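Participant: what's the 3D shape of this:
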Amino acid sequence: MFETLKVPVLGVIENMRGEFFGAGGGEKLAKAANVPFLGAVPMEATVRQSSDNGQPVVIAHPDSDATMALKAIAKQIAARISVEALRSA
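Facilitator: Coordinates of the predicted model:
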């Protein structure tokens, strides 16, 4: 769909990685789509709990593994957006 609509894809993020849903699907999809793998967010109860309470996990649990993963992914996205902006300028 993204190719048909010519929507730029910055990469793939694997969500809810862990024992229940498994791991590695994001990397496989990124490789098959020939786009970067940006990272994986682990499945943690703190993500659901803080969301249910109306607070992002990065605020409610700043030292959690999910927060660290989200921050690393956000940095990669910001960098890729900067590169795309320079290319289109």
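
Participant: I'd like to know which elements the longest helix anywhere in the chain is packed against.
Facilitator: In the chain, ranked by residue count with DSSP state H as the criterion, the top helix is helix 65-88. Where contact means 3 or more Cβ pairs under 8 Å, 6 or more residues apart in numbering; DSSP states H and E, helix 65-88 is packed against strand 37-42, helix 57-60. In short, each C-beta sits where N, CA and C put it, glycine included.

Participant: Using CSV, write down the CA coordinates of the last one.
Facilitator: In this case it means helix 57-60. Written as CSV, here are the backbone C-alpha positions of helix 57-60 (Å, rounded to 0.1, in the frame of the first residue of the first chain):
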residue,chain,number,x,y,z
VAL,A,57,5.4,5.3,29.7
VAL,A,58,8.3,7.6,29.1
ILE,A,59,7.0,9.9,31.8
ALA,A,60,5.6,7.3,34.2
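
Participant: before we move on, the earlier item: include mean neighbour count when you put the helices and strands packed on helix 65-88 into CSV, please.
Facilitator: Putting these into CSV (neighbours: other Cβ atoms under 10 Å) gives the following:
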stretch, mean neighbour count
strand 37-42, 20
helix 57-60, 16
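
Participant: These into JSON lines, with extra columns for distance to Ala79 and mean pLDDT?
Facilitator: Output for the helices and strands packed on helix 65-88, formatted as JSON lines (distance: least, Cβ to Cβ, whole Å; pLDDT from 0 to 100):
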{"stretch": "strand 37-42", "distance to Ala79": "10", "mean pLDDT": "94"}
{"stretch": "helix 57-60", "distance to Ala79": "18", "mean pLDDT": "95"}
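
Participant: The ones you listed: which one's closest to Lys71?
Facilitator: helix 57-60 (6.9 Å; Cβ to Cβ).

Participant: what does the closest one rub up against?
Facilitator: The set of residues that contact helix 57-60 without belonging to it, under Cβ atoms under 8 Å, 6 or more residues apart in numbering, is 44, 46-47, 49-51, 53, 64, 66-67, 70-71.
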